[in-house]
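> let me see the structure of the following:
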Amino acid sequence: MSVLKNKRSLSKLEFYHNARKLREDITNILLRDFGIKNKIHQTHTQENAEITVQESYPEWLVVYFRESIMGILKSMMLNITAGNTIYPTTMDELALRRRYQTGAIMNCEQLLQEMIYCADVLPVKMEKLLPYVNSIEFELKLLKGWRKSSNDLAKKIREEKK
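Down below sits the predicted model:
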């Protein structure tokens, strides 16, 4: 018998599945240049002639943000994958796993800062980026929970050592 979706608890790998979904979603918005478009408006000169003016954003800046954000997303996934492949049986392995977990958390914070900076510099409304910011914050919560679960492993390793 299956459990209703709203009654299910988070899976043990929810941090991984959410990170993959976050990476896919952010990649999609990067493919659309953050959803910004060149602004075109009409203006009049002193001679009362109508001119079409196109305000644009520098393409190099979008490329910079795209490469920067994609790099952070890649690092985050690499840290999550590396940390998840280690099942610690010694305190050294546990410390290594925690370093990867902390690295993934740092990547999320870097991603948040880059998205905020992007909203500050480009003509993109923060409302467009808000769902991604919320997903990043949720990922942070999941990663911190994953790292906290390592405390149980530390107790287990200490007990086996005795």
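> got the contact list for the most centrally placed residue in the chain?
The residue lying closest to the centre of the chain (C-alpha atoms, centre = their mean) is I136, at 4.7 Å. Counting by C-beta atoms under 8 Å, 6 or more residues apart in numbering, I136 touches L22, C108, L111, L112, M115. Backbone N, C-alpha and C define where each C-beta goes, glycine included.
> name the nearest residue to the fourth one, sequence neighbours excluded.
Which is L112. I136 (5.3 Å; C-beta to C-beta, 6 or more residues apart in numbering).
> which of the helices or strands spans that neighbour?
helix 126-161 (DSSP states H and E).
> flag every buried residue along that helix.
Neighbour-count burial for helix 126-161, with 16 or more other C-beta atoms under 10 Å as criterion, is recorded at 129, 132, 135-136, 139-140, 142-144, 146-147, 150, 153, 157.
> which SS state does the spatially most distant residue from the centre of the chain fall under?
The outermost residue of the chain relative to its centre, with distances by C-alpha atoms, centre = their mean, is E47 at 51.1 Å. With DSSP: H, G, I helix; E, B strand; the rest coil as the basis, E47 sits in coil.
> from here on, call the first residue 16.
Got it, first residue is 16 now, which makes that one E62.
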